[in-house]
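Colleague: sequence and predicted model, in that order:
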Amino acid sequence: MLTKRQLLILEAIIRDYTSAGQPIGSKTLQNQLPVHVSSATIRNEMATLEKLGYLIKEHSSSGRYPSLKGYRFYVDHLVKPEKINKEDIQGIRASFGSEFQKVDEIVATSARVLSEITNYTAISLKPDSKEVRLEGFRMVPFGEQQVMVILVTSDGSVESQIFSLPEGITGEVLEPVIRIINDQVVGYPLSQIADRLQESIVLLTKYLRQPEGFLDVFGRALDKSLQSQFYVGGKMNLLNFIDSDNVDQVKALYSLVDHSQDISALLGDVGPNDITVKFGNELQNQPGNYSLISAHYNIENHGQGIIALLGPTNMPYSKLIGLLGVFRQELTQRLIDYYRNLDS
C-alpha cells in the first residue's frame with residue numbers, strides 16, 4: 001500500500017513525464033508537491049517507488065520515469081478526467097459538420113476528427129446491430145459473365161461489388177432468379193439471410209442447374225456487408241512515437257491498423273468499463289511502448305461501437321480520457337439523430 005506522499009510523488013512524476021518526455025528529478029518535484037518535503041526525502045521516496053516497480057531509473061545520476069506498472073496503477077487509481085471547456089466542445093461539434101448520408105460517413109468522420117484533435121491515431125468501430133435488415137438487393141449485368149451485386153441494409157449502408165458469374169448463367173435467367181431471392185431475403189435480419197438462401201435452392205433449380213454457384217456470389221457480397229467495419233484516422237501519427245530504427249515495430253503497428261482481423265482482435269480485448277486503458281503488453285502480445293484508450297458507445301436499439309486512441313505510453317491520460325468522454329457523447333448523438341431521421 002503506497003503512502004499519501006508516495007502517491008503524490010508518483011502522480012507528479014507521471015504528469016511531468018507525459019508533458020516533458022524526460023526523466024524527472026527530485027528538485028523538479030520539490031517545487032510542485034502540495035506539501036513541503038525536502039529534496040532528500042523525495043529521493044528516498046522515489047527510491048522506494050523504484051524498488052516497488054512503479055518507477056525506472058536509467059542510471060545513477062538520472063531522474064526517474066514511470067514503468068508500465070506505474071502507469072497501470074496511475075490509470076486504475078489516480079487519474080482524474082480533465083474537464084473539457086465549452087470552446088473545445090463547440091470545436092468538436094463544428095468539425096463533425098452536419099449532413100451525413102450513411103452511418104459509415106459519421107463513423108469515418110469521427111476517426112478523422114479525433115486524430116486531428118489529438119495528433120494520435122484514432123480508431124472508430126461502427127455499431128453492430130443484430131436487427132439490421134436487408135432492405136434491397138439488385139444484380140446488374142456488368143460486361144460478359146459479370147454482374148454488380150448491390151445490397152442495401154436498414155442502417156443506410158450500401159454495399160456493391162463486381163463478381164464473375166458461374167458458367168451457364170446468362171442474363172436471361174437473372175431476372176427471375178433475382179425476383180426469387182428478393183422474395184426470400186429482403187426484409188429479414190442479415191443474421192437470417194444465409195439460412196433463407198439455403199431454403200431457396202429448390203426454387204432456383206427451376207432456372208439454374210447448379211444454384212450453389214450463384215448463391216456463392218450473393219454470399220460473398222453478403223459477407224462483406226456483415227463484416228465489422230472500422231475506420232482509422234491519422235495512421236501516419238504512429239511514426240511520431242516509434243523508434244525509426246526498429247523496422248519490425250513499424251511493420252507490426254502498421255499491420256495492426258491495416259487489417260480488419262488485427263483491429264477486431266485489438267478492440268476485442270477492450271473491457272466493458274466506461275473508458276478503458278490498455279498497454280502494449282496487455283494487447284495481443286504487442287510491444288509495450290504504446291497504449292490504447294478506448295470507450296464504448298451505445299446507440300439505443302442500433303448496437304454498440306467503439307472509439308479509441310492509439311498512442312505512446314506517455315500520453316496525457318487525464319486530458320485524453322476527459323476528451324474521449326465528451327467525444328463519445330457527440331458521436332453518440334450524431335448517430336442517434338441519423339437513425340431518428342432514417343426512421344421518420
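Modeller: In hand now; what should we look at? Computed from a predicted model, the values in this text were never measured in an experiment.

Colleague: buried set for stretch 3-10?
Modeller: 6-10 (16 or more other CB atoms under 10 Å). Every C-beta, even on glycine, is put in place using the N, C-alpha and C of the backbone.

Colleague: please apply the same query to stretch 185-199.
Modeller: Of the residues in stretch 185-199, those buried (16+ other CB under 10 Å) are 185-186, 190, 193, 197.

Colleague: kindly report the same for stretch 36-47.
Modeller: By 16+ other CB under 10 Å, the buried positions in stretch 36-47 come out as 37, 42-43, 45-46.

Colleague: of those residues, just say which sits nearest to residue 118.
Modeller: When the buried residues of stretch 36-47 are compared for distance to residue 118 (CB to CB), residue 46 wins out at 30.1 Å.

Colleague: how about that closest one, secondary structure?
Modeller: helix (DSSP: H, G, I helix; E, B strand; the rest coil).

Colleague: once you drop chain neighbours, what's closest to it?
Modeller: In space, residue 46 comes closest to residue 64 once its chain neighbours are excluded; the distance is 5.4 Å by CB to CB, 6 or more residues apart in numbering.

Colleague: what's near enough to touch that neighbour?
Modeller: Taking CB atoms under 8 Å, 6 or more residues apart in numbering as the criterion, residue 64 is in contact with 13, 23-24, 46, 49-50, 55-57.

Colleague: got a markdown table for those, with distance to residue 162 too?
Modeller: As requested, the contacts of residue 64 are arranged in a markdown table below (distance: CB to CB, whole Å):
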| residue | distance to residue 162 |
| --- | --- |
| 13 | 57 |
| 23 | 57 |
| 24 | 58 |
| 46 | 64 |
| 49 | 61 |
| 50 | 61 |
| 55 | 58 |
| 56 | 55 |
| 57 | 60 |
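
Colleague: name only those of those that count as buried.
Modeller: Applying 16+ other CB under 10 Å to the contacts of residue 64 flags 13, 23-24, 46, 49, 55-56 as buried.

Colleague: which one of those is nearest residue 328?
Modeller: Using CB to CB, these come closest to residue 328 at residue 13, 29.0 Å.

Colleague: where's that closest one relative to residue 31, distance?
Modeller: Going from residue 13 to residue 31 by CB to CB, to the nearest Å gives 14 Å.

Colleague: do the same with residue 135
Modeller: 64 Å.

Colleague: neighbour count winner among these two?
Modeller: Each of residue 135 and residue 31 has its neighbours counted (other CB atoms under 10 Å); residue 135 has more, 15 against 6.

Colleague: surely that one touches residue 154?
Modeller: Yes. Residue 135 lies in contact with residue 154 (CB atoms under 8 Å); the separation is 5.2 Å.

Colleague: can you report phi and psi for residue 54?
Modeller: phi -90, psi -20 (degrees, to the nearest 10).

Colleague: pLDDT score for residue 34?
Modeller: We note a pLDDT of 83 for residue 34 in this prediction.

Colleague: list the residues that contact it.
Modeller: With CB under 8 Å, 6+ apart, residue 34 has these contacts: residue 8.
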